[in-house]
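>>> Sharing a sequence plus its predicted fold:
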Amino acid sequence: MPGGRLTQQERQQIALGVADGLAYAEIARRLDRPTSTVTREVMRNGGPTGYRADLAHRATERRAHRRTQAAPQGPEPAPQAYGRDAEAVAAYEEVLTTVMMQSGMPRMMARVMACLCLSDAGSLTASDLVQHLRISPASVSKAVAFLDGQGMIRRERDERRRERYVVDDDVWYQAMQASARATAHIAEIARQGVGILGPATPAGSRLENIGRFLDFVSESASRAAEQARDILHTKPAPTPDGTN
């Protein structure tokens, strides 16, 4: 029934639709559900590549159980800018955090990074992060120190002398170039091993091939990042009412 909680059978239909590459609107039409319901369901439970009906159903039951057991944690989320669906944004934030964790970023650092990336200003104060993520100031400080050390964010002072944490437009370019340099360093170390083990030996030959492969990947990634850098500075097109 539209508006009610999704059943396990409906989740199985969603999983089949996602696997078949159907648009969320088409899946929703078949279920007689709003498109936003299907979108939130998928994004909250692994995204289009990781959605599983049985896992999603159990996760939803666990969340419902926690809500009934836990005391209220604070006021409801503030209304979203640009008419966004607050639940859909929260679900997407979970997905983005998970993807960052899967790439190797620690959980708290991934939560802070996702929060910064989804802010329209591209910057937040420690107080903003504490309130939004419902974590301690110490957790924010630790996460920020890690991200700053990795060159993922920078710090600045606003007009009220508060420290703000900023995600620059260039952050992904810098991250790609850092990754390319790290890959090139591994290639160099591999080539050093060739001289030690002998180029005509199986191990030496293997290291030679590894070095050549990593050199190619590093150079290609660095060149592609340089060529695509301007994309990161593309501004949104104005809306019909003249706003961005």
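That came through fine. Numbering: from 1, shown residues only.
>>> ok, for residue 193, nearest residue in space, not its chain neighbours?
residue 207 (4.3 Å; CB to CB, 6 or more residues apart in numbering). In this view, the C-beta of every residue, glycine as well, is placed from N, C-alpha and C.
>>> Same check on residue 39?
Per CB to CB, 6+ apart, closest to residue 39 is residue 24, 5.0 Å.
>>> Can you name the residues that contact the one you found?
35, 38-39, 42 (CB atoms under 8 Å, 6 or more residues apart in numbering).
>>> which of these tops the neighbour count?
residue 38 (26 neighbours; other CB atoms under 10 Å).
>>> Tell me how far it lies from residue 11.
According to CB to CB, to the nearest Å, residue 38 stands 10 Å off from residue 11.
>>> In three-state terms, label residue 111 for me.
helix (DSSP: H, G, I helix; E, B strand; the rest coil).
>>> Would you check that my belief about it contacting residue 144 is correct?
No - using CB atoms under 8 Å, residue 111 is not in contact with residue 144; the gap is 11.6 Å.
>>> neighbour-wise, which of these two wins?
residue 111 (24 against 21).
>>> Now tell me which helix or strand of the protein has the poorest mean pLDDT.
helix 53-69 (a mean of 72; mean pLDDT, DSSP states H and E).
>>> Toward the C-terminus, what is the element adjacent to that helix?
Going down the chain from helix 53-69, the next helix or strand is helix 86-102, by DSSP states H and E.
>>> what helix or strand does residue 155 sit in?
strand 154-157.
>>> How about residues contacting that strand?
Taking CB under 8 Å, 6+ apart as the rule, strand 154-157 contacts 123, 144, 148, 163-166, 168.
>>> what about the residue of the chain positioned farthest from its centre, which SS state?
The C-alpha centroid of the chain is most remote from residue 200, which lies 44.5 Å away (CA atoms, centre = their mean). Here residue 200 is recorded as coil under three-state DSSP.
>>> and it, how far is that from residue 208?
Shown here: residue 200 relative to residue 208, a distance of 10 Å by CB to CB.
>>> what do you get for residue 57?
Counting by CB to CB, the separation of residue 57 from residue 208 is 51 Å.
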